[in-house]
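K.L.:
quick one: sequence plus predicted model below, questions after.
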Amino acid sequence: MDLQARIRQLFNDSIETKARAVDVLTPQIELASQLMVNALLGEGKILACGNGGSAGDSQHFSSELLNRFERERPSLPAIALTTDSSTITSIANDYSYNEVFSKQIRALGQPGDILLAISTSGNSGNVVQAIQAAHDRDMHVVALTGRDGGEMAALLLPDDVEIRVPSRVTARIQEVHLLAIHCLCDLIDRQLFGSEE
Ligand SMILES: O=C(CO)[C@@H](O)[C@H](O)[C@H](O)[C@H](O)COP(=O)(O)O
Ligand SMILES: [Zn+2]
C-alpha cells in the first residue's frame, strides 16, 4: 500500500470539496453570521450541538466565542451542549439519547437565541430534536449539514440558515464545517468590532 499516495489523495479530496463548496456556501455563511450578530447585539446567545466530530466542532466554536478567536475583544456568549456528562448521561438514561440536547435547550434557550446544529448526515435524532426545541423556544437555527441535508433540512423555517456541504463523505464534510465555523467567527468579530486594518 502506498501510504503517501493515500495522504495525497485525502488532501486533494479535501481541497476539491472546499473548492466545490465556496460558491454554494458563501451567501449562506454571510447570512448565518448576520443572524448570529443580530442575536448577540440583542443580548442573545448561541447554543451549539452535534455528535462525535460535530460535538468537537460545537466546543471549538463556543470556545472561540467565549474566549477569543484571532483578536482581543470582549467574551461573547455561547454554550456547547455537548460537555456536561452528568446532564447528558442522565437524560440518555432516564429518557432517551435523542433528548440530550433538546432538554437542555428547553431549559436554557430564550427567544432570539441561536442554535448552531451540526450534523454531516442531517439525520442525527438528537440534533433533529434540538431544532424542534429551538423553534419551540422562538430561536433561529443555523444548520451545518452535508449530503442531502436529511431530516434537519426539512425542519428548517424560512428565517433559519442551512450551510450544506456538497459532499457525501463525513470526514470531508466535517473539514468544510470547521472552515465555515472559522468564517463565522471572523465575520462575527468584523461586524461587531470592525476590521483590524
Ligand atoms: O468524526 C467522526 C467521523 O469523521 C465521527 O465521530 C462522527 O462525527 C460520528 O460518527 C457522528 O455520530 C456522525 O453523526 P452525524 O454527522 O451524521 O450527525
Ligand atoms: Zn472526524
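P.N.:
On my side now, so go ahead. Ligands and ions are numbered 1, 2, ... in the order given.
K.L.:
can you tell me which helix in this structure is longest?
P.N.:
Assignment by DSSP state H gives helix 3-41 as the longest helix of the chain.
K.L.:
which regions of this protein sit below the pLDDT cut-off?
P.N.:
Judged by pLDDT under 70, the chain has its weakly predicted residues at 197.
K.L.:
I'd say Leu47 and Ile114 touch.
P.N.:
Yes - at 7.2 Å, Leu47 counts as touching Ile114 under the criterion of Cβ atoms under 8 Å. Any C-beta I mention is one placed from the backbone N, CA and C, and that applies to glycine too.
K.L.:
give me the angle between the host helix or strand of Arg190 and helix 3-41.
P.N.:
Per DSSP states H and E: Arg190 is located in helix 170-193. Orientation check (axes from the mean of the first three to the mean of the last three Cα atoms, to 10 degrees): helix 170-193 against helix 3-41 gives 40 degrees.
K.L.:
mind listing what's buried in helix 170-193?
P.N.:
In terms of neighbour count (16 or more other Cβ atoms under 10 Å), helix 170-193 has its buried residues at 170, 172-177, 179-181, 183-189, 191.
K.L.:
that one packs against which elements?
P.N.:
Under the contact criterion of 3 or more Cβ pairs under 8 Å, 6 or more residues apart in numbering; DSSP states H and E, helix 170-193 touches helix 3-41, helix 53-66, strand 140-145.
K.L.:
tell me the most buried of the ones you listed?
P.N.:
Highest mean neighbour count among the helices and strands packed on helix 170-193 (mean count of other Cβ atoms under 10 Å): strand 140-145, with a mean of 26.
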